[in-house]
Structures are given as C-alpha cells and as structure tokens.
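Enquirer: build me a structure from this.
(one chain, ligands or ions: 2)
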Amino acid sequence: MENSALDMCVCLCTDLFFSPVTKSQITRLHSRFTILDKGKTGNLRREDFMQIPELSINPLGDRIVQAFFSEALDDMINLRQFIRVLSKFQRTKENEEDNKLNSREEKLKFAFRMYDTDNDKKISRGELLVVLNMLVGSNTPEEQLASIADRTIIEADMDGDRMISFEEFCTSLERTDVEEKMSIRFPH
Ligand SMILES: [Ca+2]
Ligand SMILES: [Ca+2]
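Expert: Ligands and ions are numbered 1, 2, ... in the order given. Reported below is the predicted structural model:
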C-alpha cells in the first residue's frame, strides 16, 4: 500500500529539513541563529526563517515556519525558543533516557501542528486537503486528492468524528520511524 498522506507529510518535511544531529548542535544552532538574525535584534521573524534554504525549497516550508511560531506570543522567536524548538529534533542516543524535549511525542506534536492550522486540536478533511495540495502540487486531479484525503481519514479516524485527533495521528504513524526521520541536521 502506498504511503498515507500523513506519512508523506512527515517524510517530506523531514527528509529535506530534518536529518541526523551532531554533538555540537547547540553551538551550531547558536551560530545559525546569529546568521539568520540579520538586524541583530536578538529575535527572528518569519521572513528570517524563510532564508533557510532547506525551508525555502520545501513545499511545506510555510507550514514548518508556522508550526515554529505557533508557540511564539509576539511573532518573534528568540535564541532560547529557537534552541528549544530545534532540540526537539535531536536524535536521542541509545541508552540515553528519553527526555521530554526530544521525545517522539514532541516531534509528532510539531508535525500535527503543520496540519492543524485553526488550532482546534483536530485535523479536518479540509486541512488535510490543503497540505496534500502543497505536497503534490496542482498537477494531480482534485478527485484524486479528495480520495487520498478520504482514505487517510478513514484509516486514521477511530472515534468516527471524521477528524484526526492527535491520538489518532500518533496511532496512524506508529509504524513510522519518526525518531529517525525527524532528527535535524544543519549544514556547517
Ligand atoms: Ca483543525
Ligand atoms: Ca477522530
């Protein structure tokens, strides 16, 4: 069976943007932040994020940025928030206790927020269709997208409300190696 839309989203945003991390990640994040903070204001705005090449070429770049900013109060991200969000994507070492910041659940929450734009904690068919459109572009016939969306909801929806809750989202991605796919790599 082909990948579900949920799988596709996680793969796409992660293959292009998130990959394995190294020891000096914090140092790198710091210098990445400094480079992005062109005005030296100590804060990053959405425009600053779109200068990240991995994001600007990613069809879901806008969504990833939006998910970043969903926790920001004033549309600004400071260094501390930047590191806190990005360290969610650090790969956990074997034998290391899984701390909350980089747990699988945190990563899934981030992916979930990319879909749930009205922030009602459920992914509707409409929200799914918007992301599908971004993923596959306008070349795919609408009926085909609609049928992928329907199938994805039918597969994931367990309580029959025709929406995907966070729990349902997690369950349907249970077999996906989120830990591997959602680790982050920043170029030197
Ligand atoms: Ca929603
Ligand atoms: Ca449901």
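
Enquirer: for the helix or strand in which Asp62 is found, packing partners?
Expert: Asp62 belongs to helix 61-69 when elements are defined using DSSP states H and E. For helix 61-69, the elements it packs on are helix 5-17, helix 46-49, helix 53-56, helix 104-115, helix 125-136, judged by 3 or more CB pairs under 8 Å, 6 or more residues apart in numbering; DSSP states H and E. To be clear about C-beta, it is placed using only N, CA and C from the backbone, and glycine gets the same treatment.

Enquirer: list the buried residues in the third one.
Expert: Buried positions in helix 53-56, judged by neighbour count with 16 or more other CB atoms under 10 Å: Glu54, Leu55.

Enquirer: 51 is where my numbering starts, stick with that
Expert: Understood, numbering begins at 51; the last thing we discussed is helix 103-106.

Enquirer: check whether stretch 200-211 comes near ligand 1.
Expert: No. Applying CB under 5 Å from the ion, one finds stretch 200-211 separated from ligand 1 by no less than 11.8 Å.

Enquirer: likewise for stretch 156-167?
Expert: Yes. Against ligand 1, stretch 156-167 shows contacts by CB under 5 Å from the ion at Asp166.

Enquirer: hang on, the earlier thing: dump the helices and strands packed on helix 111-119 to JSON lines, plus mean pLDDT.
Expert: Conversion of the helices and strands packed on helix 111-119 to JSON lines gives the following (pLDDT from 0 to 100):
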{"stretch": "helix 55-67", "mean pLDDT": "54"}
{"stretch": "helix 96-99", "mean pLDDT": "86"}
{"stretch": "helix 103-106", "mean pLDDT": "76"}
{"stretch": "helix 154-165", "mean pLDDT": "83"}
{"stretch": "helix 175-186", "mean pLDDT": "87"}
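
Enquirer: which one of these lies nearest to ligand 2?
Expert: With CB to the ion, the closest approach to ligand 2 among those belongs to helix 175-186: 11.2 Å.
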